[in-house]
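[1] following is a predicted model, sequence given first.
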Amino acid sequence: MAFFGFFGNKENKEKLDQGLEKTKKGFFSRIANAVLGKTKVDEEVLDDLEDVLIAGDVGVTTTLKIIKNIEERVARDKYATASELDTILKEEVASLMLRHTDKDEVDFEVPKMFHDGKKVPYIIMVVGVNGVGKTTTIGKLAHQLKNKGYSVLLGAGDTFRAAAVEQLKLWAARVGVRILEKGMNADPASVAYETVAEGIRIGADVVILDTAGRLHTKINLMNELSKIKRSMTKALPDCPHEVLLVLDASTGQNAIIQATEFTKATEVSALALTKLDGTAKGGVVIGISDMFQIPVKYLGVGEGVNDLQVFDPKEFVDSLFKK
């Protein structure tokens, strides 16, 4: 099976290549400097490569893991030239990312869910701080799922941020899906319950719930998300079926900090990285994939309604190392 149904989609691949252009330019200029004038991969080259990876927002933990793997490989092969470093690094990064990939994932498809023998919606709770592109990601995801033939219901649970509800309503109208909203300052847990109940009532295939993006104290964040989840289970036990954390790739290491806090606060099961096209910090995808061992499911590579892609680690690494 092709990973994530992504192979063969020329337009998507070109978008990914373009989206990683800024990251790639900075990344490879630093690698070139690291091996300039060197004939083999030695300790000095590896030290310089370590600096390059850390500067590229791959993260210290993941960088040390990659360097160790390369050291072991060079020792095993006895000799590796500096010109081979790109290939070795590409293979090690690809191997690392593939370890944390859900190989059963299919391009913009969701499983059929049943409760007491009856079909029920697949419930996705979306979390993330304000400004990361959470609501936009929901709109783009709804569009992609609708194009796959699913009936989608959105829930406007970010009731604290000015214009959040209106923004989601605009997206619902734009992509032609239903939305349940109770306006600003409504109780998010109540909106969550009513959205799930409405999804069941109308026979929706997928329910996507937006949530408040306030990264206040850890305790309040945990309590708020827990309350929302409890409320949803009153309408449908064992939901949400997926908790999708949206992170802004352009924030680099700050995205890792956010992921750390949210994974402590709730059981995040999938990640979406946005704004990849506007940053040179795309290396953070490598670190996040490795550190949290949670599948990176989606990448945002542009502003258009179709610019949300299902993440394929092989294609990502190919685009990153493409010259």
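    Yep, that arrived.
[2] show me where the stretch 151-300 of the chain has strands.
    In the stretch 151-300 of the chain, the strands defined using DSSP state E, counting those that start in this stretch lie at 152-157, 178-180, 206-211, 242-248, 270-274, 296-300.
[3] can you redo those as TSV with mean neighbour count and mean pLDDT?
    Bear in mind the C-beta positions are built from the backbone N, C-alpha and C, glycine included. Shown next, in TSV, are those (neighbours: other Cβ atoms under 10 Å; pLDDT from 0 to 100):
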stretch	mean neighbour count	mean pLDDT
strand 152-157	29	97
strand 178-180	20	98
strand 206-211	29	96
strand 242-248	25	95
strand 270-274	25	93
strand 296-300	24	92
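[4] specify the stretch among those that is closest to residue 263.
    strand 242-248 (7.5 Å; Cβ to Cβ).
[5] ok, residues contacting that closest one?
    Here strand 242-248 makes contact (Cβ atoms under 8 Å, 6 or more residues apart in numbering) with 122-128, 131-134, 137, 254-255, 258-259, 262-263, 266-275, 288, 294, 297-298.
[6] re earlier: can I get the strands of the stretch 151-300 of the chain in TSV with distance to residue 73?
    Below are the strands of the stretch 151-300 of the chain laid out as TSV (distance: least, Cβ to Cβ, whole Å):
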stretch	distance to residue 73
strand 152-157	46
strand 178-180	52
strand 206-211	43
strand 242-248	31
strand 270-274	28
strand 296-300	25
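[7] what is the burial count for residue 164?
    22 (other Cβ atoms under 10 Å).
[8] are any of the contacts of strand 242-248 buried, and if so which?
    122-128, 132-134, 137, 254-255, 258-259, 262-263, 266, 268-275, 288, 294, 297-298 (16 or more other Cβ atoms under 10 Å).
[9] in helices, which of those residues appear?
    Counting by DSSP state H, the buried ones among the contacts of strand 242-248 place 134, 137, 254, 255, 258, 259, 262, 263, 288 in helices.
[10] closest to residue 196 out of the residues you listed?
    Nearest to residue 196, judged by Cβ to Cβ, of those is residue 134 at 18.9 Å.
[11] residues in contact with the residue nearest the centre of the chain?
    Geometric centre of the chain, nearest residue: residue 272, 1.9 Å, by Cα atoms, centre = their mean. Residue 272 sits next to 137, 244, 245, 246, 247, 296, 297, 298, 299, 300, 308 when contact means Cβ under 8 Å, 6+ apart.
[12] and for it, nearest residue in space, chain neighbours not counted?
    Leaving aside its sequence neighbours, residue 272 sits nearest to residue 298 (Cβ to Cβ, 6 or more residues apart in numbering; 4.0 Å).
[13] tell me how far the one you found lies from residue 194.
    26 Å (Cβ to Cβ, to the nearest Å).
[14] and if you look at residue 135?
    19 Å.
[15] please identify which of these two sits among more neighbours.
    Each of residue 135 and residue 194 had its neighbours counted (other Cβ under 10 Å), and the higher figure belongs to residue 135 (26 against 19).
[16] I'd assumed residue 211 was in contact with the more buried one.
    No. Counting by Cβ atoms under 8 Å, residue 135 sits too far from residue 211 to count as a contact (10.4 Å).
[17] what touches both of these two?
    residue 158.
[18] lowest mean pLDDT among the helices and strands of this protein, which one is it?
    Least confident helix or strand of the chain, by mean pLDDT, DSSP states H and E, is helix 21-35 with a mean of 76.
[19] ok, then the element right after that one?
    helix 43-55 (DSSP states H and E).
[20] lovely, talk soon.
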